[in-house]
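Peer 1: need a 3D model of the following:
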Amino acid sequence: MDNLVTLLELAYSAGSPFISHVMRLGFQREVQEECGWLSFLHGWCVCVADRLVYLNATIEELEYCSNNMFAAQLLVALKSGDDVVFADAIMYFKAIRDFEAQKLENLQLFLTASEMQLTRRMQFVARFDVM
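Peer 2: Below you'll find the model as predicted:
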């Protein structure tokens, strides 16, 4: 029943009794939805990439402080055993960075697949434009 209602709504919106016009409008709507989805995915990729930059900077600072305890002492008061704390913190942030890097890679693969799907849908719209 939902498909029939959708078809009737498309036919009414197309303003034409011809199925080619109805199909063209349907594919145009799908293209618009996909464009919105791609925009969302792209924004998500940017957010994860920014997080990776932040994590890399944090790791570099921790490694610098771990390797140069005098510089670390200028920033904070150190106790015995703080070198272990630095090592644990570096490992923790590296694990998070590796997870975020894998997430970004997966998002980029998904973005590529979505772009291919959008291209395919745009080809269908172009076919109906010719009719």
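Peer 1: which SSE is the closest residue in space to residue 97 that isn't next to it in sequence in?
Peer 2: The spatial neighbour of residue 97 that comes closest, neighbours along the chain excluded (C-beta to C-beta, 6 or more residues apart in numbering), is residue 55 at 4.2 Å. In this view, the C-beta of every residue, glycine as well, is placed from N, C-alpha and C. Using DSSP states H and E, residue 55 sits within helix 19-67.
Peer 1: name the helices or strands packed onto that helix?
Peer 2: Counting contacts by 3 or more C-beta pairs under 8 Å, 6 or more residues apart in numbering; DSSP states H and E, helix 19-67 is packed against helix 2-14, helix 69-75, helix 82-130.
Peer 1: flag every buried residue along stretch 101-114.
Peer 2: Within stretch 101-114, the residues that count as buried by 16 or more other C-beta atoms under 10 Å are 101, 104, 107, 111, 114.
Peer 1: can you report how many residues neighbour residue 36?
Peer 2: Counted with other C-beta atoms under 10 Å, residues neighbouring residue 36 total 10.
Peer 1: going forward can the numbers begin at 33, since that is how I track them
Peer 2: Okay, residue one is now 33; in that scheme the one you just asked about reads as residue 68.
Peer 1: per-residue pLDDT, it?
Peer 2: If you check residue 68, the pLDDT there is 90.
Peer 1: can you pull the contacts of it?
Peer 2: Contact analysis of residue 68 by C-beta atoms under 8 Å, 6 or more residues apart in numbering lists nothing.
Peer 1: give me the neighbour count for residue 117.
Peer 2: For residue 117, using other C-beta under 10 Å, the count is 13.
Peer 1: swap that for residue 127, please
Peer 2: Counted with other C-beta under 10 Å, residue 127 comes out at 10.
Peer 1: okay, the closest residue to residue 45 other than its chain neighbours and residue 131: tell me how far apart.
Peer 2: Setting aside the residues directly before and after it, residue 45 is nearest to residue 57 in space (C-beta to C-beta, 6+ apart), at 6.0 Å. Residue 57 sits 43 Å away from residue 131, going by C-beta to C-beta, to the nearest Å.
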